[in-house]
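In: Structural data only, the sequence is not supplied:
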C-alpha cells in the first residue's frame, strides 16, 4: 500500500522539477549578466583595459561591447597584415551586424569590391582634377560657418568642420547636383552617427536575439528611413544622367556615381547603398583629423611662430603651383603636423580587425582558433624607443624623419608603417587615405590663410574616450577672426 505524500514532500518535488527546468535559463542569465558587466567595464574603461593587458602579455583576451576579441601587440602587425586566413570583410560585417535587416548596407561582397576598386583606381587617380572643385566648395562652405567678421568670435570646430568635410566629400562622391543639398549633407553626417548608435544598442543584446530586437529598437528602424530618403534623393539624379547619356553617350561626370558604373563592368550593385557606405567610411574620420590637428596646433606653445611657418609654406607653394596636385606634396610642415596629430590621438587604440577563417599560429607559437576576432594595438605610436618624448606634440617630428631618410615617402601622412597604424597596414590599409589627405590639406590652407585662430578662453581640449575609441574633443571652442589672405585661393 502506497503511503500518502506529505505536503512538504510535494513542495520539495515541485521545487526540484522547477530547478531542473530553470537551471539552463538561470545559467544562461548568470552568464549573460557576467558578459553584460564586462561590456559595461569595456565601455567605460576599454582604453585602460588594453594598456593593462599589454603590460601583462603580447596576446590577451578582451571582452568588448560586441563580444570577445584577442588583442595583439603592435609587433604582430607585419605577420597578420596580409595573412589569407584572416578576413577583414568578415570582421567588418560582424562589427556592423551586416546579417541583420537595416544593416545590410554594410554587407560585404561584390559591391564592396566595386567600392574598394573605385576608391583605389578612380578617386585616387582623379585627385589632381578634384583639387580645384574641392577648394571652391571649401570657400563656399567656410564663409557662412566661420563668417567674414574681422572681430574675434567663437566657433565650434566639431560641427563646422564636419559640415565642411561632408560638403567636400559629397562634391567628389556625388557631384554638384546633391553636394549643396542640405538634406543630403545632413543625411550623410547623421547616417554614420546613427549607424554606430544602432550597432552599439544591439551589442548589449545576446547575439541570437539581435535580429529580432533590431525590428523594434528605434535606433535600428531609423536606418531604414535613411536608406529610403537617400534612395528618393538619388533616383532623380540617376535618371537625369541616364537620359543625358542616352542623348550623348560621350557625356561623362567626374564623380563616384559614374566611376561605380565604370568599375562595376556589368556586376550588380546598389548605387545608393554604396554612397552611404562611402560616406560612413570617410566623413567623420577625416573631420576628426582636421579638428584634432587644429586643436593641437592652437595648443602648441610656439603657435604664433608655427602658424607663420605654415602660412609661408602655403603661400610659396601656392604661388608656384596654384591648385594643382604638386601643391599638396610641397606642404611638408602641414603634412608632418597632421601625421603627428594622428600619432598622438588615433581614432582608436586598436585596429586591423580580422576574423580567423582557420586556426592561425603566430610567431610566438600562440594558436589563434578558427572564428576568433583579432585586433592589433596602436600603442607603438607612443613608444619612447620609437618616438622620443612620445606624449609631446611635435609638429616637426615627421618632417625631420623625412629629411633624415633617403626614402622620400618616409614619414608622409599617407605612408604606412607598423609603428604608425592609423591607416592600417598592407593591402587592406585604408584605400581612401590619399583623398583624405588632399581634403584636409585644402581645408587647412583656407583656414590658416583666411583666419586668425586660437583656443577660446579656458578651453583645454581633451580627447573623448569611448571604449577603445578616441574622439577629438566635441566640446572644444575656437576664437576666430577673418584676415586678408596673401594669395587668392
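Out: Structure's in. What do you need? As the structure is a prediction and not an experimental result, all values here were calculated from the model. Residues are numbered from 1 along each chain as shown.

In: which non-adjacent residue is nearest the residue most central in space within the chain?
Out: Centroid-nearest residue in the chain: residue 285, 3.9 Å away (criterion: CA atoms, centre = their mean). Excluding the flanking residues, the one nearest residue 285 by CB to CB, 6 or more residues apart in numbering is residue 347, at 5.7 Å. Placement of C-beta: from N, CA and C, glycine included.

In: Contacts only, for that neighbour.
Out: Each residue near residue 347 by CB atoms under 8 Å, 6 or more residues apart in numbering is listed here: 285, 288, 422, 469, 470, 471.

In: go with 7 Å
Out: Counting by CB atoms under 7 Å, 6 or more residues apart in numbering, residue 347 touches 285, 288, 469, 470.

In: so what does the helix or strand containing the residue nearest to the centre of the chain touch, helix or strand wise?
Out: Secondary structure assignment for residue 285, by DSSP states H and E: helix 271-299. If you count contacts as 3 or more CB pairs under 7 Å, 6 or more residues apart in numbering; DSSP states H and E, helix 271-299 packs onto helix 110-118, helix 157-174, helix 182-203, helix 218-247, helix 256-264, helix 332-344, helix 433-450, strand 451-455.

In: Return the member of those having the minimum mean pLDDT.
Out: Here the lowest mean pLDDT among the helices and strands packed on helix 271-299 goes to helix 110-118, at a mean of 86.

In: residues in contact with that helix?
Out: By CB under 7 Å, 6+ apart, helix 110-118 touches 89, 256, 259-260, 263-264, 267, 269-270, 274, 277-278, 431.

In: ok so, going back, residue 172 versus the residue nearest to the centre of the chain, what's the distance?
Out: Distance of residue 285 to residue 172, given as CB to CB, to the nearest Å: 15 Å.

In: try residue 470
Out: Using CB to CB, one gets 27 Å for the distance from residue 470 to residue 172.

In: Just want to know which of these two has more residues nearby.
Out: residue 172 (25 against 19; other CB atoms under 10 Å).

In: Now for residue 406, how many residues are close by?
Out: As a burial measure, residue 406 scores 5 neighbours (other CB under 10 Å).

In: Need phi/psi at it.
Out: phi -80, psi -20 (degrees, to the nearest 10).

In: where in this protein is pLDDT low?
Out: 1-33, 108-110 (pLDDT under 70).

In: go again using 80 as the cut-off
Out: 1-34, 107-111, 406-408, 410 (pLDDT under 80).

In: about what we covered before: return the member of the contacts of helix 110-118 nearest to residue 437.
Out: The closest of these to residue 437 turns out to be residue 431 (CB to CB; 12.3 Å).

In: Let me see the contact set for that closest one.
Out: 116, 119, 120.

In: Next, format these as TSV and append distance to residue 390 and neighbour count.
Out: Output for the contacts of residue 431, formatted as TSV (distance: CB to CB, whole Å; neighbours: other CB atoms under 10 Å):
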residue	distance to residue 390	neighbour count
116	33	15
119	31	22
120	32	14
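
In: who's in contact with residue 420?
Out: Counting by CB under 7 Å, 6+ apart, residue 420 touches 343, 381.
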